[in-house]
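> Could you work out the structure for the sequence below:
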Amino acid sequence: MQTEQTNLPGGTAAIVVTYNRRALLVQCLERLLAQTLPLERIYVIDNASTDGTPDVIPDHERIEYLRLPDNLGGAYGFSRGVEHALAASHAYLWLMDDDCLPEPDAHLELLRHRDDSEVLCSAVVARDGRYDLHQRRSFDAVRLREFELPASSYEQPGAAVDLFTFVSVLLRTDVVRRAGLPVDDYFFMYDDSEYALRLLKLGITARLIPSSRVWHHGSAGSPSPRAPYNPLKHYYNTRNQLIVYRQYGTSAPWYLLRFSVKTAGAFIRLAQHRELNRRSASLAAQALRDALKGRPYVRQFAPS
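Alright, predicted model coming up:
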């Protein structure tokens, strides 16, 4: 294995976006520093955390801490982190959230398959030990439907991935320069899907590498408990998904159908869970209006 590692290219920079989860960030950084194939650099992008995150950043020569003045969401954090990393001469960028816990060989296993694609995705393992299949999906551009990759895709490397989350994705730097920065005005939700489809439009197909495993604290397992109503997720999930579908869909009639279904669903789910009120209905309507206009921006939310 030592000979193989010596022959592998170096130059990978990890980009970790964090916000108010310092305990998880500490574990993530410990795992990154312990990779069997060492990383060249670890960039920590802090979205103006208020929980004392700066105090837990290790004083390590390979860690660079970048604190943003405001919290503009994970989308802005990844865009800013990628932009910052591109100023250096890294060969690869490895994107992840602060609640990702890579296994020791996760980086090594990705680079072992570097000839499979310019974009490689780790297998995401939920807290209950099962694969979180939703993290890697296929996409029907006509009917605007998403499908989780089947469990059988995790038995051999190389399954095509149309849609991925930024939960352990390795991108070759020259591809990033060609595709541009991730969108920075989605706040969160579907910014990574937009980037995956942008790459696909350029003829770049991401591949799943099951031997590279990352435990994800944010993946509760199956079945996942229903989260309480969150106005940010309610707004951004509705708006951003419809904007992405409009941009990368290939059938106007199917888009109109999906828009109608999303509109009905946005209000029906609120009613089902007894969360339909003037504020939530107004927020859903605004998300739909912004999606029709193709208008992504970082919305300011008043305290509840």
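> any low-confidence regions in this protein?
The chain contains residues with pLDDT under 70 at 1-10, 222-225, 303-304.
> all helices for it, in order.
Along the chain, the stretches classed as helices by DSSP state H are 2-7, 22-33, 73-86, 106-112, 173-179, 191-201, 231-248, 252-272, 278-293.
> Now distance to residue 60 and mean neighbour count too, for those helices, in TSV please.
The way it works is simple: take the backbone N, C-alpha and C, and place the C-beta from them, glycine included. Shown next, in TSV, are the helices of the chain (distance: least, CB to CB, whole Å; neighbours: other CB atoms under 10 Å):
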stretch	distance to residue 60	mean neighbour count
helix 2-7	21	9
helix 22-33	7	18
helix 73-86	17	22
helix 106-112	16	23
helix 173-179	22	16
helix 191-201	27	22
helix 231-248	33	20
helix 252-272	45	14
helix 278-293	41	16
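> Just send the ones you listed back as JSON lines, with distance to residue 66 too.
Rendered in JSON lines, the data for the helices of the chain read as follows (distance: least, CB to CB, whole Å):
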{"stretch": "helix 2-7", "distance to residue 66": "29"}
{"stretch": "helix 22-33", "distance to residue 66": "13"}
{"stretch": "helix 73-86", "distance to residue 66": "6"}
{"stretch": "helix 106-112", "distance to residue 66": "21"}
{"stretch": "helix 173-179", "distance to residue 66": "17"}
{"stretch": "helix 191-201", "distance to residue 66": "18"}
{"stretch": "helix 231-248", "distance to residue 66": "23"}
{"stretch": "helix 252-272", "distance to residue 66": "36"}
{"stretch": "helix 278-293", "distance to residue 66": "29"}
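> For residue 129, find the nearest of the ones you listed.
Nearest to residue 129 among these is helix 106-112; the distance by CB to CB comes to 16.1 Å.
> Which elements pack onto the closest one?
Judged by 3 or more CB pairs under 8 Å, 6 or more residues apart in numbering; DSSP states H and E, helix 106-112 is in contact with strand 92-97, strand 119-125, strand 169-172, strand 206-216.
> Could you double-check that residue 190 sits in contact with residue 244?
Yes. With contact defined as CB atoms under 8 Å, residue 190 reaches residue 244; the gap is 5.2 Å.
> Need the overlap of contacts for these two.
Residues touching both residue 190 and residue 244 (CB atoms under 8 Å, 6 or more residues apart in numbering): none.
> Kindly state the domain boundaries assigned to the protein.
Taking automatic domain parsing as the criterion, the chain consists of the domains 2-216, 231-293.
> Throw those domains into TSV and include distance to residue 302, thanks.
Shown next, in TSV, are the domains of the chain (distance: least, CB to CB, whole Å):
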stretch	distance to residue 302
domain 2-216	15
domain 231-293	9
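> Of all the ones you listed, which one is nearest residue 301?
domain 231-293 (6.0 Å).
> one step back: okay if I get the helices and strands packed on helix 106-112 as a markdown table plus mean neighbour count and distance to residue 249?
As requested, the helices and strands packed on helix 106-112 are exported to a markdown table (neighbours: other CB atoms under 10 Å; distance: least, CB to CB, whole Å):
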| stretch | mean neighbour count | distance to residue 249 |
| --- | --- | --- |
| strand 92-97 | 26 | 25 |
| strand 119-125 | 25 | 21 |
| strand 169-172 | 24 | 23 |
| strand 206-216 | 22 | 19 |
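> Out of those, the one nearest residue 252 is which?
Checking the helices and strands packed on helix 106-112 against residue 252 by CB to CB gives strand 206-216 as the closest, at 26.9 Å.
> how about the closest one as CSV, C-alpha atoms only?
Extracted in CSV, the C-alpha atoms of strand 206-216 (Å, rounded to 0.1, in the frame of the first residue of the first chain):
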residue,chain,number,x,y,z
ALA,A,206,-19.7,12.1,-11.5
ARG,A,207,-19.0,8.5,-10.3
LEU,A,208,-19.7,6.8,-7.0
ILE,A,209,-16.8,5.2,-5.2
PRO,A,210,-18.3,3.0,-2.4
SER,A,211,-14.9,2.1,-0.9
SER,A,212,-14.6,5.7,0.1
ARG,A,213,-16.9,6.0,3.0
VAL,A,214,-17.9,9.1,5.0
TRP,A,215,-20.2,9.0,8.1
HIS,A,216,-22.6,11.8,8.0
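> partners of that strand in the sheet?
Strand 206-216 pairs in its sheet with strand 100-102 (antiparallel), strand 119-125 (parallel), strand 159-161 (antiparallel), by DSSP bridges.
> mind checking which of these is nearest residue 209?
Across the strands paired with strand 206-216, residue 209 has its closest neighbour in strand 119-125 (5.2 Å, CB to CB).
> between that closest one and helix 191-201, how big is the angle?
140 degrees (axes from the mean of the first three to the mean of the last three CA atoms, to 10 degrees).
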